[in-house]
Structures are given as structure tokens and as C-alpha cells.
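Student: Just to be clear, the model below is a prediction. Sequence and coordinates:
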Amino acid sequence: MQHRREYHIVILGAGGVGKSCLTSQFVHNEWIEYYDPTIEDVYRKVIDVDGRSCILEILDTAGTEQFTAMREIYMKAGQGFLLVYSITSLSTLTELSDLRDQILRIKEADSVPLVIVGNKSDLEEDRAVRRDRAIMLSQKWGRVPFYETSARKRQNVDEVFLDLCRQMMRADVGGSGSGGGAGGGGPSEKVAQTPRKKRRFCVIL
Amino acid sequence: MDETDFSTKHSSIYIAPLRIEKAPKPKRTSSNASRKSRPRSQPHSRNQSVSTHSRTSSHQQITPPPTPNTSQDSLAQSAGKEPTPPFQPFLRAFYEFHPNFSADSSTVTLPLNLGDVILVHSVHTNGWADGTMLSSGARGWLPTNYCDEFNPEQLRPLLKACTVLFDQFRGGSAGGLRASQVAVTSVVAGVRHLLETTECLTREASNVKSNDGIRRTRKVLLTELSTLVKTAKRLPGHSEYSLAKTATEDVTDEMILRCFKIVVRGVRFLDIWNQRHNLQNDFIAEEAGGAQGEDADDHIPPTPPADSTAHSMGSTGSVRGDQTPEGNTEGHDYRSRSSSVSHHRGSQRGSPPQPQGSHPLPSTPYSQTPRAGSPSSPDKESFGSQLQPAYALARLNVTHDVLLSYLGSYIGRLYHEPRFTPQLQLTQQESVKAARELLAIVEAVEARDPQAAALVFAKEAMYARISTLISAAREAVSGCGRLEEVDEEEGIMIPDGGKKLADAATGCVRGAGECVAKSKFVIEKIGDFELHLGPFDIGLGITTPEGKLIDDAIGLSAAAKAELERQLMPPPPTPEKIPPRPPPKEDPLDEKPLPTLPFSELEVERLTMDTTMAESNVASSAAAPCSPDAASPRRSSSASVIAPLPQLAPSSTQDENAGGAAQKRDMDAKTSLQKSIRADSIGAASITTADYTIASSVRGSELSMTSTRATTPEPASSTSISTPLLTLDLTMMGSQLSLESGSGSEILVPEKLVPEDLTFNKGGQITGGTLPALVERLTVHDSTPDAVFVATFYLTFRLFTTPKEFAQSLVDRFDSVGDGPAGAAPVRLRVYNVFKGWLESHWRKTIDDEALETITSFAGSKLKAILPAAGKRLEELTEKVSSTDGLLVPRLVSGIGKATTATTQYTLPETPIPTPAVTRNQLSLLRSALTGGPNPTVLDFDPSELARQLTLKESKMFCSILPEELLAQEWTKKRGSLATNVLAMSSLSTDLANLVAETILDATDPKRRAVLIKHWIKVADRCLELNNYDSLMAIMCTLNTSTIGRLKRTWELVSYKTKLVLDHLRAVIDVSKNHAVLRARLRGHVPPCLPFLGTYLTDLTFIDVGNPSKRPVSEGSAKQLINFDKHVKTARIISELQRFQIPYRIAEVSEMQEWIDAQIDRVHNSKTADVQHLYRRSLLLEPRETQPRAAPVELSTPAAPVAPKESQKIDLFSWAHAFKVPTSTT
């Protein structure tokens, strides 16, 4: 399997939850002088997942949340989805359900590679969404992986993309049957893992 | 010979075009081709041996020409008729070719001047050849049919030797030392053959003695040859040198370049020889023959490249927005230009008069060497046209530039070879002459304002400095005999290593700078005026009547005059007698006076010689930082071909003088950077920029590539930064294109700032700085601040400072310059101007009012005390802004966009406004609908008209977007957002998308739905024709949704043809690769155009989020600067958007506008026009089949897994879920 698989990830979520920050942190993790978002492959990144290298193309429409009609066109282009909310705003979490419904409808599937991301975990004092709320949602959606991230501090950013990438790979290999079943076991662990991971990062920082 | 035969044989020499046009070019008709009425296009091509390398018409169509521009004519007409001659490696240009295309193009074309000799590496089937210009070493594509093969008998061995040498080093053949020796020997033999056949082998030969031209060119040729031999000795293997591998490459690069030079000189020599003997070489003979019996004016090859976009624009779809002014002029009357030019040149050479009626001969190819080999390089002819700048400022600048260039090469020569050679002598004379002209202008300025004591002082100092230089030179040569007797090459050793001379020359640079700065200040005060001095005395004549005239006119002090006269009749030998300058060329194409760049062509040549000499020295003493660039033939993806840059020797033994220069080098380097920035912006800014300015910007950007600066040292240049000399030279080159002296004016206002207060990127753009440093940049004392910088600052300063702080910094800047230095006055004026510009055109009342108090008190006290009128005006302005809401002086939509997109093509006002496609019937339908009658449907109207009216509606919103709406994600603010127009547009897009869905779902009959889909596809297609991407996006989004896409029965009724159109539209809006397709299309568009707003919003968001607002001075540094780069980027995106803020020329059908408004409103306020409701309606119209299939119009996404049956239920009620989910997650 020398051929590099290419996966399309779509980042979705309400305006102001820090999607663009998440993306820019991921695609351009070291400080580069010339960060130019207008060039073609700025949102492409080669990553190594469990020894297999693949290309991620990230479609992040940050800034165009008001163009609700455009959403589907983006969703269609994606194979994996990051649904991002901000832990400082409950409404951003509740909006995710609409997005997921739309994705499932477009994909005509009852499960797609997907990760719930609670961003801005560094703003603990402004927290408006308890972690268990998101975990509940995750359970309801069939144990979709859930992470809390801090894009600003670059906590859990890579993990989120890696997890999604694994899911897409499984869906790729498993074909049509993959869906929820295959993904079910793994993600639940992730949910449990997340807080631990986060703590580890806190130590480092 | 048929083409297949050729291509198999020579397949290796075919290389792919650098860029292939996206869309195949429409085949030209002959009527198009004959727009210039070229009856002789066929016979012409007969002569163009290489154009026969380009294959037949069929080939032409298969491989569209990688034309940098729109091709005007088909090569097919001329090619393919002749048998294929053997591949001819050398070409000579016999037409000018000055492509005008955008700097961002990935194709490098080589501008051709008459007589240029090119070494061809390969010829593409379309007639373009990949070649290296011998005179500059620049490599790029050139149209072969502009050239003729070049292989005169006398030069044949030399040309062959040149290819051998090139292949030896470039082709990578590992012949080692031996092979390279052979190559060099063959070059020597080639030169010998040339001299033998022309009977000029010895200096005593009658040919040589009787003709100055021959003698001179012969000498130059031999000098060049000996340099090559010397260079070859440095190759590894020679005992005295052991060089690293990289150095070896430098040497070989240099040798190639040098060999090219030898050929160029040989060609020139032969040209002159031919003239002398009233002979014409093959080239000339052919040329003259071709010209007979036809209007010589028709001598423009009809084939590949179009110089004039003016004509081709209308006919091709791929219109580019980068038309340059020269392009226009060239397009209009190329031929008269080229002929008058040649005439001009012919007489300048002082050769026997050309036979009347013969085609102008390109006999001084070398002199036409482009100094900056960039494709956008200036039209040399305008350079040479010698039109007098009528205004003092312009002439001052030009003269100053000339002076600095001479002094620069003078100092450069001295450093690497402290010998008093004839060349040095000549340079000195030219320096003195330029200085004299400068002083003449200065005096004229002074006459206007006798109070300018500082100017008088500077002028006197300048006189003294020139005198010092002259006397130093006299001292150096005293005791020696006439130079002519001394060995040509050796010259006279200058006793102290040239230190004294260099000192004196440096002093002159400084003095000139002061003079210019003072003069400028005076001019700024009294206003520019027309100069009535005689024409520039710029010929090479050592003494000319004009020169005296100037002297008399300006009344030089007797002593200085005597000194100058002595200098002009110097004790050392005058070089050859040089014919007087030709009368100024009258070029009808130049509508406005061009600044004169008084380089006579011979002077240009000499300068280039300087360059090469300097280069050789660089290579010898260090690891030659940049020179190989010029030599290495390469196809750079950046548009500019790098010409050899003059560099001076980083000699390891610096004398004290150089040490003195070292102290200033940081500043100098910075200055030159700053200048290049300015030059760039000038080049980009004005539509009517004279060629000269464009040249400057080209040179400027080259400079900035090689410039070094102390703040952010780059590894590549760190070796050269240790050599003040190099920097000094760069500075001078910088000043050559700038408005003031690099060093002189620097002394006037001591810079307070540590270098760490500003950072620049490689392009010379400011990337970071402290507020005071940025403010200082805004109010530089010695030049007009860069327009882009100023516009960016005005637009974004509220993001990194407060209005009050900004005002205070300006006041501080005003205070800090103090009373002392004379440079303070311009700074104060600029501070006032910045305030004025802010209040007049960039005032944002709600935010900026907090600064009003500071400004008022400043205007009333400090400013009024020094500049009473300015103080008063500023006070008035502050009153005005506090009483009005709008801007006092409306901006041209923007501060940035219009300034940087000068080349934008606007729709000409004459363009007829298309008549609306509305019938009377439709209008009455609309009217009755508006008064409560039955509502028409979209099907009642013509798709074109719907598209037009939609476009008009959106365009109005788009054009009213203000730049401040786009800053700091203003449009995402939940409440109180100022971005009303941005929000209105996004809301309109969404509503339009939903309207499309509604109209389709409203129809219960699948047939009717299919008709509606087809109708909307047509509307979308018309939108694309109108370059309205925003509406296109909205309509396409809906057509792509699953809501519409899943209507299988409906889609079955949509015709294949319509689906094809849909596929095409889909490809346009493809979101992958960061909207690569869309972006590429937008880049090529000229307004009017309505881009999809979303991409700008995303880009702006990412710039805002992805770039920190502070940046360290350097990596790891604790000191943080304002990340100005972030704001520059923001401003760039905004200016791109603004580029399109040009209204469409579409007639408004008010009834339809109202009707559309009503429809949009209805959808907007409808509670059922959201995704869930629409999807439910879709399900009701065409319920799911038991075996769901991918919708026929599905995008090529990975095969969607077949949904299990249960999913249907979920889906069916998902619209209901939507409202429950929030509670269910709680």
C-alpha cells in the first residue's frame, strides 16, 4: 500500500468557536513567516497514521457561517467531519445536531467518520458547557469520539485529526459496512481517555 | 522534411512549454492576422530559418503556444513551408520584442532588442525558442520569427567555440580540466579567426588604425578575451588555485557569461567592421533585401507573440488585467518606433550614413543590453529617446541617478583594481559631467528661492568635492605619460591603492545627495517648475558647446569652471573621438515627457563592462554571492529573469575609507531597501508611469533580492554583508532608481531608531515594527512614503493601536526632529500631511473622535508655531470632522485597491449597455404582480435578464462594501456589526439559494420541475458569463443539495445537454484545493466581476487567526514588534476584493428588481424556507425508494455507503428532530 490515500476533512461549527484556529494550528504548526491562506495547498497536510502516510485536505469555511446555503456543498466534499463547539457557549453545542443531521442526509448513511470537538478548553473560567453534556451527545450519536481542545494552546489538536483520520481509514477499508459498528468500540475509549490526555498536557504546560 | 522526422530526430531539444494556456486559443482568422496589413508575412517567414523549426499548422493546434500573451496570429501561416535547415544554435533579433505581461506569470520571456544575439537551447514546435541572451545571460522564451539565424563566416569558429564551451560547462560533460582548456583555446582561436578574416589581427593594421570604431571594439574584445583566459586559470587543477566545488561552479558560470560577452563583442566588432567596409553581413543583406519593395514599416513579424494586447483583448476570452502602458503604445504603432529607433541608433554610432531606404540596421546589439533582463523591463527605446523632462524635480532625479551610477562604477573600479585605466578616466569624466548637470539644476532651483541658504551651502560643498576628485585624479596620473602609451590593460597603478580617489568619489556621492535633498526640499516648498536649461549634454563628446552653455547659464565660479574645463580636456588620453549625440528622438508614442535617462548607448556598454569586471572580482575573492545567478541559465518560475547585477569586490583588505562606509552600511542597506519598495509601488501605482519608472521598479526588486540588512540577516547574504563596499554599491544602485541620495541625506536627520525597531521581508516590505518606527516610516524625511504602506496603515492602524496613541506618536515624531537638522522640515510637513489624510479620507468618527483633542491642541499650538498655514488648515479640518458624519474627501472606494491595480481594465464607458431582454408583456406581468395581480414565475422571464438583474442587485451591495467591514472579522460579530453590506450579501446569497429550491419544489409535476431546473441552470450559466460568481455559487449550491439532487424522477427529465452545462458549472465552483479553480479564474478577470464573497471572508479569517498580532524582532528574540505583515496581508486581500468593486454596466429593469426583491423577501421571512423544511418537501414530492440510489447528479464523492433501511425513518423525520435535539442533549 504505497499509494497515499487522500482524505477530505470538513470542519463545521458555529461562528466564533475557533475552527479556523484549530485548522491553522494543525496545518501550520510551526511559526512560519509567510502564512498565506489563499494558496492552493495551504490546507493540505501529509500525516502519518499508525505507520501509514496519508494526505489530509482540510476544508474549513470559517468566516462564511452566514452562507448557510453553501454548507451542503462543503459537506458533500468531505469524508470526515469535525464538529466544533466552544465550551464557553452552549448554543454552539446544540447547533451541532443540525449539522450532523444534514451530513447524514447528504451521505445517506447513519454514521460517518466524525469527531465532536469542544474547543477553547483553556478558557476554563468561562466554561458554559460541562464535559458530560458533550459526552451525552456523543453517546447519543453512537459513541462518537469527543475531545476537548485548546487550539490556542495547541492542546489535543493533532489528536483530533488523527482520530478522525483513523476513522476514515477504517471506513475506507471496511467499505459500506463500516459505519457505526467498527467505530463504536474505539471511540468510547477515547472519551474515557480524553481527560487523561488533557491532564498530561497541562503538566507539560 | 516532414515534421515527424524532425521531431524524432530532435526530440531532445523539444521541451514542454512553460505554461500551457488553459483554454485552447481561438484560431485566428486571416482578417485578424492582417490587422496590421502585412502583405509580406509569407516572404518574411521564408527568411526566418528558425521559424521553420516550428512545425505546421496542425502541430500548432495540438500544442497551443505557451504565449506569454495572447497570440495574435497563427504561426501556421508562415511555418511548414520550408525544408528544415540544420539546427542553428544562434539567433539574432531583428525585431524588437517587448512582451508586456504580468509579473506573476510563470512564463519567462526574453525581451528582444534589435540585434540581440541569442544562444538557442531548444525550439518548441509552436515557434518559441528557449534561449539565453548573450549580452545579459538571461534565459527565457523568445519568438523565433522575430529573429534570424546568425552565423556569419567570420564569426563561425567563435560561435562554435561558444557552444562548445557552453556544452562543456552547462551540459555537464565531465571533460575535466583538459576539456575546458580545449574549450577556452577554441574561443581564443575563434577570436583570432575573426580578427584574421577582418584583417585586424594587429594593432598596426591599417583597418584598425584608420577607424576608431574598429579599434575600440577590437580592444574591448581583446580585453574580454584576456579576462576569460584569466578566469579559466582559476579552474581547479591549476596549481595556484584550489577552489571548493561550489567555487568551481562559480568560475564556470562566469566563464560562460564571459564567453557570451566575447561573442557579443565580436558581433559588435563585426558590425562596425562591416559598416566601415560598406559591407553587410548576411544578416544585414538579407534584411535589406527583405525590406526592398515594401513599406519598411511593415516589418513586424506577424507571428507568435502579440505585443499589443490592445487588439487581441477584445477577441480572446483570456483577457488579462495586466496591460501595461508600454503595451498600449507598442501596440499602436510599433513599426514607427522601431524604425525611428534604428535611425537614431545608426546616427549615434557615428558610422558612415546608412544607405537611404535600407532597413535600419541593428548594428549595435550590445548597447541594447537590457540592464534588467526582466520581461517587464523597460522599453529601451524610450530610455534612449532622450526626451527632456520638463520639470525640475524629474530632471534632478534623473541627473542624480546618472551621477550616482557613474560614481558607483568609479568607486567599484577603484576597489578592485586601483589602476588608472582609460575606462576609469572615462567614468570620471562622465561623473564630472553629470555632477555639472546636477549643479546646473541645483542652481536653477536656487534661483527660484534665493533664501535657500542650505542649498547654496550644499552646492558649494559639491563644487568643492568635485574639485577634490579632479585634483586627486590629476595627482594620480601626474608623472605618467599619456595613457595611450601605457599598456591598454594595465593602466597606471594608482599609488595609494586608489584610496584618495575613492574617498573623493564617495565625497561626491555624499555631496550630491545633500544637494538633491536640499533641492527637493526647496522644490517641495515652491512647487515644481519647468526647467529651461538646454538639452542634456549627454553624449560622449568630451567638450560640447552645450556643456559650455550650461556653464555660462549657471555662472560657475571661475575656479570651479576652470577645474571642470581642465577635467574635460584632461591630461590623460581622451578615449576615441566620439560622434556628437544625435538630436533627441521624437517619439510620437510618448505622450508625456519621459524622464531622461541620459545613458548614451556606449555608456551603457561601459557600465555593463564595469559590471562584468566587478563580477569577476567577486568571484575571485569570495564565494561570489550572487553573480552565478546571472550566468546560470535557468527557467525561473518567477517572472523576472535576473540580469547580472553589478557587484563590487568584497575585497578582504578594506582601507579606512571602506571602514567609514561600513559604519553607514546598515542604514544604506536599509535605505536601498526602502527605495526599492518605493520604486515597486511606483511602478505598480500609476497607469501612466513612464518606462523609466517601470525600469526602476524592476531594478528595485532585483535589488531587494540581493540587499542585505542588519536586522534580519539571511544566511545567503551573510558573507557579503561583511563587505561595506558591496553594500555601498547597492545603495548607489538603489539611489539610481530612487529620488534621493542614499548617503547624503542620511546625515541630515540622525536616525534615532535602533535597527531592531523595524523588520522587513525579502521583498523589502515592512513586516514588523514598533509604533514609533512605523510612524517614522510614515513620515520619512527624504522621500514620499510608500503608497501601499500608507494605505495599509490608515486602514489597519486601529487594530494595533488606538487613534489617540497614533495621534500622539505623530506629535512625538513632530517634536523629536528638533530644530537642528534641515531634514526636520520635511518630516514636520509629512506629519501634517498624515494628519490631514487621516482627517480627510480615513476618519472613522465613532472610533477616532477620541483623538480629536490631541490633534486640535497639536494643530493650535505646536504646528501653528512652526507652520502657521498648516496649523490653521488642520484646525479647520478637526472642526469639520466633528461636525460632519461622512468623510470630508471621499475615498475612491478604497485607499489601497485603486492604487495597486493601476493596470486594471475598466469597462470602457463607450461599451454599449445591453438592452434588457424584457418584453412588454413581461413588464405588464410584473407591474400587475406588484399591484396585487397574479405572481409570475421565473419561467416567465428570460434567463439572461434574470441573471443580469440579479447581478446588478448583488453588484450594488458588493460595491458598497467598505474596507472596515472586512477587518478583524467584523462581519461575524453577533450584534452591532458594522459589516452591514457583507451581511446583506451573505443573506442575499442564502435567500437566493433558498428561492431556487422553493421554486423547484413548488412544482408538483416532475416535468415542470425539470423545466425549472433547466431554467435555473441557464440563469447560473449566464451569471458565469457575467463573471457573477456570487449568484452562481448560490444557485449551484441549491442544485447540488441533496434536497434537489435526490429528485431522481425529475433529473431523468433533464436533458443531457443541460447536465453537461451543469457539470461545467460544478467544476467552476469546485471547493477542493482551497477553491483553486475559482481563485485561478478570479486572478485572470478584469472588472466588472462579482467574486464569491465567501473566499475572501475565509481568507481574512485565517489571516486574522493564523498570524499573531505581535512578532519577535528575530527568532527567539524577546522584543516584540507589531506584526505589520499581518495587516499588509489583510490589506492585500481587501484590495483584491476592491479591485472588483466596479459597477456593471447593466440597465436596470426596476419592475424586475422589485419583483426579485419581493421574492427574496418572501423567502427570507418564510419559516419553511430552511434546509429541513425544504428537504421534507423534497421527500414528499418524491418519496424514497426502497433501494435508495445515489442521486444522478451526485458529485464524484466516494461512493456513499448504501444506507440501511432504518435510516429512512430517521431521515424522514429528521426535520422534526431538528427542533428536539437541543432538549435531548441537555
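Tutor: The structure has been received and is ready for your questions.

Student: Can you pull the phi and psi angles for residue B:516?
Tutor: The phi and psi values for residue B:516, taken as degrees, to the nearest 10, are phi -70, psi -40.

Student: make that residue B:206, sorry
Tutor: Taking degrees, to the nearest 10, you get phi -60, psi -40 for the backbone angles of residue B:206.

Student: now residue A:57
Tutor: Torsion angles, degrees, to the nearest 10, at residue A:57: phi -110, psi 120.

Student: My guess is it contacts residue A:43. True?
Tutor: Yes - the pair residue A:57 and residue A:43 qualifies as a contact (C-beta atoms under 8 Å) at a distance of 6.3 Å. Placement of C-beta: from N, CA and C, glycine included.

Student: So for these two, which sits in the more crowded spot?
Tutor: More neighbours surround residue A:43 than the other of residue A:57 and residue A:43, with 23 against 20 (other C-beta atoms under 10 Å in any protein chain shown).

Student: what residues are up against that one?
Tutor: Neighbour list for residue A:43: A:23, A:27, A:57, A:58, A:59, A:60, B:1074 [criterion: C-beta atoms under 8 Å, 6 or more residues apart in numbering or on different chains].

Student: So which of those residues are in strands?
Tutor: Among those, DSSP state E puts A:57, A:58, A:59, A:60 in strands.

Student: Looking at those, which is nearest residue B:878?
Tutor: The shortest gap between residue B:878 and any of these belongs to residue A:60, at 44.5 Å (C-beta to C-beta).

Student: Run through the helices of chain A in chain order.
Tutor: Chain-ordered helices for chain A, with DSSP state H as the definition, fall at A:19-27, A:71-77, A:90-107, A:131-140, A:157-174, A:179-204.

Student: What separation is there between residue B:451 and residue B:520?
Tutor: 16 Å (C-beta to C-beta, to the nearest Å).

Student: Who has more neighbours out of these two?
Tutor: More neighbours sit around residue B:520 than around the other of residue B:451 and residue B:520, counting by other C-beta under 10 Å; the figures are 23 against 10.

Student: Reduced to three states, what does that one come out as?
Tutor: Taken by DSSP: H, G, I helix; E, B strand; the rest coil, the conformation at residue B:520 corresponds to helix.

Student: Grab the most central residue of chain A for me.
Tutor: Centrality entry for chain A: nearest residue to the mean C-alpha point is residue A:82, 2.6 Å, by C-alpha atoms, centre = their mean.

Student: so it makes contact with residue A:10?
Tutor: Yes - counting by C-beta under 8 Å, residue A:82 sits close enough to residue A:10 to count as a contact (7.5 Å).

Student: where along chain B do the strands fall?
Tutor: Secondary structure of chain B by DSSP E: the strands cover B:90-93, B:117-123, B:128-133, B:139-143, B:147-149, B:419-420, B:492-493, B:758-760, B:766-769, B:1110-1112, B:1120-1122.

Student: what residue ranges in chain A are flagged as low confidence?
Tutor: The model of chain A has pLDDT under 70 over residues A:1-2, A:29-35, A:174-205.

Student: do that again at 80, thanks
Tutor: Applying pLDDT under 80 to chain A picks out residues A:1-3, A:28-42, A:173-205.

Student: so what's residue B:972 closest to, chain neighbours aside?
Tutor: If the residues on either side of it in the chain are set aside, residue B:972 comes closest to residue A:15, at 4.7 Å by C-beta to C-beta, 6 or more residues apart in numbering or on different chains.

Student: residue contacts, that neighbour?
Tutor: Applying C-beta under 8 Å, 6+ apart, we find residue A:15 in contact with A:62, A:63, A:65, A:66, B:972.

Student: Output these as TSV; include the columns neighbour count and distance to residue B:942.
Tutor: Conversion of those to TSV gives the following (neighbours: other C-beta atoms under 10 Å in any protein chain shown; distance: C-beta to C-beta, whole Å):
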residue	neighbour count	distance to residue B:942
A:62	29	38
A:63	27	35
A:65	22	35
A:66	21	31
B:972	21	38
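
Student: Quick check: the farthest pair among these?
Tutor: Across these, no pair lies farther apart than A:62 and A:66, at 11.7 Å, counting by C-beta to C-beta.

Student: one step back: between the strands of chain B, which one is closest to chain A.
Tutor: strand B:766-769 (7.2 Å; C-beta to the nearest C-beta).

Student: tell me which strands and helices the closest one is in contact with?
Tutor: Strand B:766-769 makes packing contacts with strand B:758-760, helix B:771-778, strand B:1120-1122, helix B:1124-1139 when contacts are defined by 3 or more C-beta pairs under 8 Å, 6 or more residues apart in numbering or on different chains; DSSP states H and E.

Student: about what we covered before: lowest average confidence across the strands of chain B, which one?
Tutor: Set side by side, the strands of chain B differ in mean pLDDT, and strand B:492-493 is lowest with a mean of 64.

Student: ends of stretch B:1089-1097, how far apart?
Tutor: With C-alpha to C-alpha, to the nearest Å applied, stretch B:1089-1097 spans 17 Å between its terminal residues.

Student: List the contacts of that stretch.
Tutor: Where contact means C-beta under 8 Å, 6+ apart, the residues beyond stretch B:1089-1097 that reach it are A:61, A:63-64, A:67, A:70, B:951, B:954-955, B:958, B:966, B:971, B:982, B:985-986, B:989, B:1026-1033, B:1069, B:1075, B:1078-1079, B:1082, B:1133, B:1136-1137, B:1140, B:1144.

Student: avg pLDDT for that stretch?
Tutor: Looking at stretch B:1089-1097 alone, the average pLDDT works out to 92.

Student: again with stretch B:857-875
Tutor: Along stretch B:857-875, the predicted confidence averages to a pLDDT of 88.

Student: Just give me the neighbour total for the nearest residue to residue B:1151 once chain neighbours are set aside.
Tutor: Spatially, and ignoring its direct neighbours in sequence, residue B:1151 is nearest to residue B:926 (3.9 Å; C-beta to C-beta, 6+ apart). Taking other C-beta under 10 Å as the neighbour definition, residue B:926 ends up with a count of 24.

Student: Tell me the spacing between residue B:926 and chain A.
Tutor: Here the distance between residue B:926 and chain A works out to 26 Å (C-beta to the nearest C-beta, to the nearest Å).

Student: can you check residue B:1039 too?
Tutor: Using C-beta to the nearest C-beta, one gets 10 Å for the distance from residue B:1039 to chain A.

Student: can you check residue B:1072 too?
Tutor: Here residue B:1072 is placed at a distance of 6 Å from chain A (C-beta to the nearest C-beta).

Student: what's the neighbour count on that residue?
Tutor: Residue B:1072 has 16 neighbours, counted by other C-beta under 10 Å.

Student: Pull up the gap between it and residue A:59, please.
Tutor: From residue B:1072 over to residue A:59 the distance is 8 Å, taken as C-beta to C-beta.

Student: now do residue B:978
Tutor: Taking C-beta to C-beta as the criterion, residue B:978 is separated from residue A:59 by 28 Å.

Student: Looking at these two, which one has more neighbours?
Tutor: The neighbour comparison of residue B:978 against residue A:59 (other C-beta under 10 Å) goes to residue A:59, with 23 against 17.
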